[in-house]
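Novice: here's a sequence, model it:
(2 chains)
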There are 2 protein chains.
Amino acid sequence: MSERGRHLQFEVLFTAEGHNASKFRNDITVDLCGAHPRTDYLPSDEGVMHGGDGTAPYPLAYFTSGLTACIMTQLRAFSKRLRIHVTDIRVNTTCRWQAQQYGTEPYESQPDGFTLDITLDGDATVSDKKRLIACAAKGCFIEVALKPGVVKHRLRDGENWIELD
Amino acid sequence: MSERGRHLQFEVLFTAEGHNASKFRNDITVDLCGAHPRTDYLPSDEGVMHGGDGTAPYPLAYFTSGLTACIMTQLRAFSKRLRIHVTDIRVNTTCRWQAQQYGTEPYESQPDGFTLDITLDGDATVSDKKRLIACAAKGCFIEVALKPGVVKHRLRDGENWIELD
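Specialist: Model prediction:
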């Protein structure tokens, strides 16, 4: 056992099966693997103006929800571990991309910054809230897979926003 | 106009509003912004064994679906632009993470590789299928936001898989 206490390592594994027969509708089933599995049917589509039929959320809607949900989940989980008192959590997320296209070539895309504006209710100090967000960002499985610097965090402090990155 | 044809640049913007009142249920609404908006309600929860109530998909289920859907959508879109004949598209995705924890400290996570196993039906050559996947990867808004090297692609060729990275 090290100075930091017992070391624990664990794996998280999700798989998906997707099928597309013709237009932009993707039938997708996602499985959490392991001892406590769960299956969700999460199809996607493009809107009519983008050549689809609008029968399901856009792929990027799932991504944006996942990113928002992941940090919120870690804020809640780690507030308990760190004993930082938080009641309601509110996150406003903005995910912006740019795409470049020449003629009729396929376009190339790049992220133009994702911002997470975080409001933490409860009587924790600003310093503790900052510490909680820093821990949540390191534990968030989606954030840690993204290119460094793409995600920015801001903490609400009354009427102001504190930039954390 | 350059040699490559007319240059077009466009922006893609999604926003989300998330609220968590106590446990792990996150109520999340996602908006595609712009001329053709769309709103989806995409809540998340943790399973009962992870302290939640299992009322909605895990955050990472949304991420895994989004990644799968995004590449599938670009494969379909760019198959038309590149005139590469593809009928059914099937993608099997694996997203694996590792987390490290010391004592009761919050854990830190890292991606351990995401693989996209792609089957493209139709009479396109293997060479054209490879070119299509390379273009789709550069256009996929989620892949381009991920750390380089995290995503690996494989193309099915009869009974075999061709590693593309």
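
Novice: mind listing what's buried along the longest helix seen in chain A?
Specialist: The longest helix of chain A (DSSP state H) is helix A:59-81. Of all the residues in helix A:59-81, those buried under the rule 16 or more other C-beta atoms under 10 Å in any protein chain shown are A:59-79, A:81. Where C-beta positions appear, they are placed from N, C-alpha and C, glycine not excepted.

Novice: ok, and which of these reach chain B?
Specialist: When contact is defined as C-beta under 8 Å from any C-beta of the partner chain, the buried residues of helix A:59-81 meet chain B at A:59-70, A:72-78, A:81.

Novice: quick check: chain neighbours aside, which residue is closest to the residue nearest to the spatial centre of chain A?
Specialist: Centroid-nearest residue in chain A, with C-alpha atoms, centre = their mean: A:Leu67, separated by 0.9 Å. Nearest non-adjacent residue to A:Leu67, counting by C-beta to C-beta, 6 or more residues apart in numbering or on different chains: A:Ile142, 5.0 Å away.

Novice: the one you found and A:Glu108: what is the separation?
Specialist: 22 Å (C-beta to C-beta, to the nearest Å).

Novice: among these two, which residue is more densely surrounded?
Specialist: Using other C-beta atoms under 10 Å in any protein chain shown, the more surrounded residue of A:Ile142 and A:Glu108 is A:Ile142, with 28 against 16.

Novice: residues in contact with that one?
Specialist: Shown in contact with A:Ile142 (C-beta atoms under 8 Å, 6 or more residues apart in numbering or on different chains): A:Gly66, A:Leu67, A:Cys70, A:Ile71, B:Pro59, B:Leu60, B:Phe63.

Novice: and stretch A:106-115, is it in reach of chain B?
Specialist: Yes. Counting by C-beta under 8 Å from any C-beta, contacts between stretch A:106-115 and chain B involve A:Pro106, A:Tyr107, A:Glu108, A:Ser109, A:Gln110, A:Pro111, A:Asp112, A:Phe114.

Novice: surely the fourth one is in a strand?
Specialist: Yes. Counting by DSSP: H, G, I helix; E, B strand; the rest coil, A:Ser109 is part of a strand.

Novice: what's around it, how many residues?
Specialist: Quick note: A:Ser109 (other C-beta under 10 Å) scores 23 neighbours.

Novice: so for it, what's the nearest residue that isn't a sequence neighbour?
Specialist: Nearest residue to A:Ser109 in three dimensions, chain neighbours excluded: A:Ala99, at 4.4 Å (C-beta to C-beta, 6+ apart).

Novice: I figured the one you found hits B:Cys140, correct?
Specialist: No. A:Ala99 lies out of contact with B:Cys140 (C-beta atoms under 8 Å); the separation is 10.8 Å.

Novice: comparing the two, which residue is more hemmed in?
Specialist: B:Cys140 (24 against 18).

Novice: ok, now which ones touch that one?
Specialist: A:Ser109, B:Cys70, B:Ile71, B:Gln74.

Novice: got the phi/psi numbers for A:Pro37?
Specialist: Backbone torsions for A:Pro37, taken as degrees, to the nearest 10, come to phi -70, psi 160.

Novice: which residues touch it?
Specialist: A:Pro37 neighbours (C-beta under 8 Å, 6+ apart): A:Asp31.

Novice: what do you get for A:Arg156?
Specialist: A:Arg156 touches A:Asp117, A:Ile118, A:Thr119, A:Leu120, A:Ile162, counting by C-beta under 8 Å, 6+ apart.

Novice: okay, and A:Lys138 sits in which element?
Specialist: Here A:Lys138, judged by DSSP states H and E, is contained in helix A:126-139.

Novice: that helix vs helix A:59-81, what angle?
Specialist: Relative orientation of helix A:126-139 versus helix A:59-81 (axes from the mean of the first three to the mean of the last three C-alpha atoms, to 10 degrees): 130 degrees.

Novice: partners of the helix or strand following helix A:126-139, with directions?
Specialist: Once the chain leaves helix A:126-139, the next helix or strand it forms, by DSSP H and E, is strand A:151-157. If you go by DSSP bridges, strand A:151-157 pairs up with strand A:108-120 (parallel), strand A:160-163 (antiparallel).

Novice: now the ones you listed in TSV, with mean pLDDT?
Specialist: Output for the strands paired with strand A:151-157, formatted as TSV (pLDDT from 0 to 100):
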stretch	mean pLDDT
strand A:108-120	98
strand A:160-163	98
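
Novice: please identify the most buried of these.
Specialist: Most buried of the strands paired with strand A:151-157, by mean neighbour count (mean count of other C-beta atoms under 10 Å in any protein chain shown): strand A:108-120, with a mean of 20.

Novice: roughly how far apart are the residue lying closest to A:His85 once chain neighbours are set aside and A:Ile89?
Specialist: Counting by C-beta to C-beta, 6+ apart, the nearest residue to A:His85 once its immediate chain neighbours are dropped is A:Gly122, at 4.5 Å. From A:Gly122 across to A:Ile89, the span is 9 Å (C-beta to C-beta).

Novice: also A:Thr15?
Specialist: Taking C-beta to C-beta, one finds A:Thr15 at 29 Å from A:Ile89.
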